[in-house]
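Participant: Structure of the sequence below:
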Amino acid sequence: MAIRKILSDQEPELHKKCHYITKFDDKLSSLLDDLKETLADASGAGLAAPQIGILRRAVIVINEDGEMLELVNPEIIEQKGEQDGLEGCLSIPGRWGYVLRPMWVKVKAQDRNGNWFEVEGEEMTARCFCHEIEHLDGHVFTEHVERIYSNEEVERIIEKENRQKGRRRS
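Facilitator: Numbers count the residues shown, from 1 in each chain. Reported below is the predicted structural model:
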């Protein structure tokens, strides 16, 4: 396993469509292990293979239980509801934006051995599924936002939201 360099959104590889994975071998296992280690090191919520310069359809998403899900050739097959929330990206550090995403998503994918399975998630997990799968088609979250926020602006927004929540409980 190795920690890989995460590409920035200025890198052309991040904006290319990825190839489907057809060989389920040691090379794929190494890629998935590297994605997991890189994600853990970066303290993110998800990571896609093109973010480390590999144009293959593989992503890692951390679900609401803190489990790292390996998704090979993932595809969203069902979605419900909507949520509008702040989103960031390891390839676009220090920039955030409000992105409208489904509240619940079901994904069909393969595991590292080629076996098909389905997994679902809501709220943050659903957001991560959508965000990471978009990377596989060469897209980034900034394509969906009206405005980009800095880290400092996001901190102020979160502080304000927390104060408002505190007032509602009183």
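Participant: Just give the number of residues close to Gly85.
Facilitator: 12 (other Cβ atoms under 10 Å). Quick note: C-beta positions are derived from backbone N, CA and C, even for glycine.
Participant: let me fix that: Ile6
Facilitator: With other Cβ under 10 Å as criterion, Ile6 counts 20.
Participant: ok, it - contacts?
Facilitator: Thr38, Ala42, Leu47, Gln51, Ile52, Leu90, Ser91 (Cβ atoms under 8 Å, 6 or more residues apart in numbering).
Participant: Give me the buried entries from those residues.
Facilitator: Thr38, Leu47, Gln51, Ile52, Leu90, Ser91 (16 or more other Cβ atoms under 10 Å).
Participant: Show me these that map onto strands.
Facilitator: The strands, defined by DSSP state E, take in Leu47 from the buried ones among the contacts of Ile6.
Participant: So, low pLDDT: which residues of the chain?
Facilitator: 168-170 (pLDDT under 70).
Participant: just so I have it, where are all the strands in it?
Facilitator: 46-48, 58-62, 68-80, 83-87, 95-101, 104-110, 116-122, 149-150.
Participant: How far does the longest one sit from its chain's centre?
Facilitator: Which is strand 68-80. Distance of strand 68-80 from the chain centroid (Cα atoms, centre = their mean, to the nearest Å) equals 11 Å.
Participant: buried sites along that strand?
Facilitator: For strand 68-80, by 16+ other Cβ under 10 Å, it's Leu69, Glu70, Leu71, Val72, Asn73, Pro74, Ile76, Gln79.
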